[in-house]
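Enquirer: can't give you the sequence, but here's the structure:
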């Protein structure tokens with residue numbers, strides 16, 4: 001029974017550290033996003049609008065940072081704060097960010113053309 005408690009406790013501690021890390025992830029990163037294309041896609045019969053950015057992610061701290069996965073995801077947003085979900089993110093933008101920046105493409109979608117007004121990309125814990 002002690003083993004079960006230890007496993008549960010260590011899982012909760014790890015989960016709390018992950019959520020803390022995700023909440024202040026934006027303070028640890030610089031994300032440069034350059035629009036590369038706009039277009040449309042049909043997903044399971046549903047038409048969507050999409051916008052793709054060339055993204056470069058830099059760390060402003062010395063410790064490694066986990067990008068995406070349990071920690072968060074990439075989101076695009078416009079000047080008014082409307083967010084758009086990611087559809088595709090190149091593997092180069094995922095994993096552990098250490099000493100050198102990561103670069104790749106990220107594509108975001110919307111049910112309407114408003115995604116074309118997206119100008120920024122961030123890592124978010126709200127996935």
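Expert: Ah, there it is. It should be emphasised that the depicted structure is a prediction, and the values quoted were computed from it without experimental measurement.

Enquirer: mind listing what's buried in stretch 102-109?
Expert: In terms of neighbour count (16 or more other C-beta atoms under 10 Å), stretch 102-109 has its buried residues at 102, 104, 106, 107, 108, 109. Bear in mind the C-beta positions are built from the backbone N, C-alpha and C, glycine included.

Enquirer: give the contact list for the fourth one.
Expert: Taking C-beta atoms under 8 Å, 6 or more residues apart in numbering as the contact definition, residue 107 lies against 50, 51, 52, 53, 86, 87, 88, 89.

Enquirer: against residue 62, how distant is the spatially most central residue of the chain?
Expert: Geometric centre of the chain, nearest residue: residue 74, 1.9 Å, by C-alpha atoms, centre = their mean. Between residue 74 and residue 62 the distance is 23 Å, computed by C-beta to C-beta, to the nearest Å.
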